[in-house]
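Asker: Provide a 3D model corresponding to the input given below.
(one chain, ligands or ions: 2)
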Amino acid sequence: MKGRPAFRGVFCAKANFEKGGGGFPQVGMAQIAEVIVDIAHSDVDKIFDYIAADTVRAGMRVAVPFARTVTTGFVMRVKEHSDVPPEKLKAVLRAEEEFPALTEEALSLAQKIAARYRVPLALCLRLFLPAEMRSGKVGELYKTYYSLREPLPEISPRARAQLALIAYLEERGEEESAVLHQKFGGAVKALEEKGALNIEKRRAFRAPYRDIEEHEPERELTVAQAHAVETIVNTEKTVSLLHGVTGSGKTEIYLNLIARQLALHKTAIFLVPEISLTPQMLRQLRARFGSSAAILHSGLSAGERFDEWMRLREGTARIAIGARSAIFAPLENVGIIVIDEEHDGSYTSESSPRYTTFDIAYFRARHNGCKLVLGSATPSVETYRRAKEGEFELITLPDRINARPMPAVSIVDMRRELKRGNASCFSALLQEKLSSCLAEGNQAILFLNRRGYSQTVVCRDCGYVAKCENCDVSLTYHKDENLLKCHYCGAGYRMPPACPDCGGTHLIYAGTGTQRVVDGLRKLYPKARILRMDQDTTSGKEGHYKILKQFSEHRADLLVGTQMVAKGHDFPSVTLVGILDADMSLHFPDYRSGERTFQLVTQVAGRSGRAEMPGEVVLQTYDPENYILRFAAKYDYEGFYAHEIGMRAATLFPPFAKIVRVMVTGEDEKETLEALREVYGRLQELYAQNREKFLFFNRMHSPVKRIQNKFRYQVLMRLADSSVLKEVYERAELHTKGVLVYVEENPSNLS
Ligand code: ADP
Ligand code: ZN
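Answerer: Ligands and ions are numbered 1, 2, ... in the order given. Now for the predicted structure:
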């Protein structure tokens, strides 16, 4: 772009460009922009050349004429010449923003993702932008601020409100118009008319979690923490795995590593599985880094998310904190990337492109020449193996801070409870421990991974089970709303007064959900203050935050919840954790069910006894001899790992093989089956040519045959050798209207 005269008017000269560039004043002086149009379809998934003014740069979003309309596009590159004849070239109409929304790194990474997962480039570029920017629905926010004007005019001592307002502004310096009007009403106008106020309109940033404003000094690291930091900084390896028991002080290590990078004028990305669930983490980060931390997650309002993103892009915020998608934060010069709770299933995207966060993080780490830190008390088997084999630096923190003991776990055999005549979901031991916990004024957490009241409703006379009309699953009874709900599509149905099949009236509520647990607790402990945290009680903005805040301020004694209660919380008064049904996740049809159960039990147990008072855990199961539960009760990760990896090696499951599922879904069963046949035929050919690379190959119904009215079929494969993976993606590419085909690798959910 050197030496070319600046071309103005690119942002407004729409009319100039409309006739195929004919109106463009100095065609020879302009440049060519390579544009990808923002349409996620393989037919248009290629570079189109446009004439562009030299203010247009790579990474900008631009409006371009395309197929007789105007479309947004992304400038991938600018160049001097095009191979397209000049008379055929159209011109960029305008830039959507004055700056490149996409960084060089984003452009390059998006291309890698598109190639890896065989999806249109536009879809990958979108990952790097806030949805609000693309929809154009949210923009920058401006607010009016008032401050005092000197010299102040004389104010009558009787004008109390006006004097109060002046005192307020003297103390604060300035305040936003809306706040002042709310606090002082008419006094604002009165003072304004007297000429006592300066008024200024300025860009305002919508900041989430405003009420977090503490200031926390840096903590002195323990010897183990300091050693971990040094190891991570000094290792030659890009990736370090921090394997530390719950409460071992991993967070402090992350904060220290981040602070070091900020001091070097670099930026940081800090990922947590579900940030809205961990306000404590937010508080810690805000307290330590103030407004240089920006938070990106789906619980924010559109305006907040947009502003947080802008602060990162502009460089006013230098730490991006968030769930999976924050790995696409628009930061440059990244100094460190942290993935906390690396084993968490939420790090795999469940919509196209189905990326794993680690892959993206690893690429960014390499691109920026920085370190990638994975942390967990229960690393995934695959990650741990890579660390053991020397690919990652392995750092182990076997002890809690201040050598606090891990809570003792008692395994209760629920079969025996039944034999003794206790059919409730609280064993005698759990009841006893709950009573003393409450008597001592402590708090307890009860964990059950099923929301609603009962798992389902069954007719005792004919065996009828209430099912969803759109999905092939049974319905869950929700007592709060007196509705039967589908947990797959959200549909609600009225509770039938009698069995729709046989007319019988003996409908039973089978299985227990969190609502029923709360009902049971109310009967057992009428004085206890009980909170419930599950998807039903946490909707709305900062919904989790409110419940957790209430519990952490000890305004409740018992917290009942689904796996939301298992995540990283640090409640000092919790001395008892009850795991009501440890078997639930064990019997999931998934090669990782054992691993998941171990992780979940360890995480939940880790919520107990984090402060001075020792904690306890009661684990209820119908399978007390189960080795996974035995290892979990002893916090024996090594034992668990050795057993699990041995089994995976013997049965050839990941990481010794790769599970690949090609899903075929559509509303019309016939069309879907036809598509399945086509895709299956193509894959079968591949299978026939490479039999030795396949451990398993078959087509079938998915375990859940229909979700949201869509039929679900699959080709399931287990690959001994991933070299055919690329071909699997290629052969799974099918564009039939109304049918969606996609590939999943080691899917975390096989339903
Ligand atoms: P983890 O993330 O490994 O579960 P945390 O980072 O939550 O552990 O730390 C556990 C507890 O120890 C927290 O209450 C934290 O404030 C405290 N802690 C961490 N590091 C230190 C330290 N260096 N000195 C004192 N207390 C610490
Ligand atoms: Zn449904």
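Asker: got the contact list for the helix or strand where V35 lies?
Answerer: According to DSSP states H and E, V35 maps onto strand 31-37. When contacts are defined by CB atoms under 8 Å, 6 or more residues apart in numbering, strand 31-37 is touched by residues 1, 4, 44-54, 56, 62, 64, 66, 71-82, 89, 92, 121-122, 125. The C-beta positions use only the backbone N, C-alpha and C, and glycine is treated the same way.
Asker: by contact count, what packs against the helix or strand encompassing E638?
Answerer: Secondary structure assigned from DSSP H and E places E638 in helix 637-651. Contact partners of helix 637-651 among helices and strands, from 3 or more CB pairs under 8 Å, 6 or more residues apart in numbering; DSSP states H and E: helix 381-388, helix 593-605, helix 627-633.
Asker: looking at it, Y464 is touching V458, isn't it?
Answerer: Yes: in this structure, Y464 is within contact of V458 by CB atoms under 8 Å, at 7.0 Å.
Asker: Identify the residue nearest the geometric centre of this structure.
Answerer: Taking CA atoms, centre = their mean, the centroid of the chain lies closest to A323, which sits 3.5 Å from it.
Asker: gap between the helix holding E638 and the chain center?
Answerer: 29 Å (CA atoms, centre = their mean, to the nearest Å).
Asker: Might one say that L558 is in contact with L524?
Answerer: No: at 10.2 Å, L558 does not count as touching L524 under the criterion of CB under 8 Å.
Asker: Which one of those two is surrounded by more residues?
Answerer: L558 (24 against 14; other CB atoms under 10 Å).
Asker: quick one on the thing from earlier: give the next helix or strand downstream of the helix holding E638.
Answerer: As assigned by DSSP H and E, the chain's next helix or strand after helix 637-651 is strand 658-666.
Asker: how far does that next one sit from the chain's center?
Answerer: That offset, for strand 658-666, works out to 23 Å (CA atoms, centre = their mean).
Asker: What's the mean pLDDT across it?
Answerer: Computed over strand 658-666, the mean pLDDT rounds to 94.
Asker: Next SSE downstream of it?
Answerer: Taking DSSP H and E, what comes next after strand 658-666 is helix 669-689.
Asker: next structured bit after that following helix?
Answerer: Where DSSP H and E defines the elements, the next helix or strand beyond helix 669-689 is strand 694-707.
Asker: mind listing what that following strand pairs with, with the direction of each?
Answerer: In the sheet, strand 694-707 lines up against strand 710-719 (antiparallel) (DSSP bridges).
Asker: contacting residues around the strand it pairs with?
Answerer: With CB under 8 Å, 6+ apart, strand 710-719 has contacts from 652-653, 657-669, 672-673, 676, 679-680, 683, 687, 693-702, 704-706, 725, 728.
Asker: Check which helix or strand L484 maps to.
Answerer: Using DSSP H and E, L484 falls in strand 483-485.
Asker: Pull the residues that contact that strand.
Answerer: By CB under 8 Å, 6+ apart, the list of residues contacting strand 483-485 reads G452, V457, A466, L475, T476, Y477, H478, A491, G492, Y493, R494, M495.
Asker: Can you tell me the closest non-neighbouring residue to A633?
Answerer: Nearest residue to A633, sequence neighbours excluded (CB to CB, 6 or more residues apart in numbering): V409, at 4.0 Å.
Asker: Doesn't G375 lie inside a helix?
Answerer: No: counting by DSSP: H, G, I helix; E, B strand; the rest coil, G375 is not part of a helix but strand.
Asker: Just give the number of residues close to it.
Answerer: Count around G375 with other CB under 10 Å applied: 25.
Asker: Can you tell me the closest non-neighbouring residue to it?
Answerer: Spatial nearest neighbour of G375, excluding adjacent residues (CB to CB, 6+ apart): L242 at 4.2 Å.
Asker: Distance check, the one you found against ligand 1.
Answerer: L242 is 9 Å from ligand 1, where distance means CB to the nearest ligand atom, to the nearest Å.
Asker: can you pull the contacts of that residue?
Answerer: Counting by CB under 8 Å, 6+ apart, L242 makes contact with A228, I232, K250, I253, V373, L374, G375, S376, I395, L397.
Asker: same thing with Y355?
Answerer: Per CB under 8 Å, 6+ apart, neighbours of Y355: I113, R116, Y117, T348, S349.
Asker: right, and the fourth one touches T357 too?
Answerer: Yes: T348 lies in contact with T357 (CB under 8 Å); the separation is 7.3 Å.
Asker: Looking at the two, which one has more neighbours?
Answerer: T357 (23 against 19).
Asker: shouldn't that one be in contact with I337?
Answerer: No: T357 is beyond contact range of I337, at 9.8 Å (criterion: CB under 8 Å).
Asker: Mutual contacts of these two, please.
Answerer: L271, I327.
Asker: that older thread, any idea how far the residue nearest to G375 is from F631?
Answerer: 21 Å (CB to CB, to the nearest Å).
Asker: element containing V179, please.
Answerer: helix 177-184.
Asker: Report all helices and strands that that helix contacts.
Answerer: strand 141-148, helix 160-172, helix 187-193.
Asker: burial of the nearest residue to P273 once chain neighbours are set aside, as a residue count?
Answerer: Distances taken as CB to CB, 6+ apart place D344 nearest to P273, at 3.8 Å, with adjacent residues excluded. Look at D344: counted by other CB under 10 Å, it has 23 neighbours.
Asker: got it, and L683?
Answerer: 22.
Asker: again with S352
Answerer: 16.
Asker: if I look at it, how far off is A33?
Answerer: Applying CB to CB to S352 and A33 gives a distance of 27 Å.
Asker: Over to N422?
Answerer: As judged by CB to CB, N422 and A33 stand 73 Å apart.
Asker: Same check on Y525?
Answerer: 68 Å.
Asker: These two - which one has more neighbours?
Answerer: A33 (29 against 17).
Asker: List buried residues within the contacts of strand 31-37.
Answerer: 44-45, 48-54, 56, 62, 64, 66, 71-76, 78, 82, 89, 92, 121-122, 125 (16 or more other CB atoms under 10 Å).
Asker: Just the ones in helices from those residues, please.
Answerer: L121, A122, L125 (DSSP state H).
Asker: for those residues, which one is nearest ligand 1?
Answerer: Nearest to ligand 1 among those, counting by CB to the nearest ligand atom, is L125 at 34.6 Å.
Asker: was I right about the closest one contacting A101?
Answerer: No: counting by CB under 8 Å, A101 is not a contact partner of L125; they are 9.4 Å apart.
Asker: circling back: hey, what's in contact with both of Y464 and V458?
Answerer: Counting by CB under 8 Å, 6+ apart, nothing touches both Y464 and V458.
Asker: distance of V601 from T378?
Answerer: Taking CB to CB, one finds V601 at 9 Å from T378.
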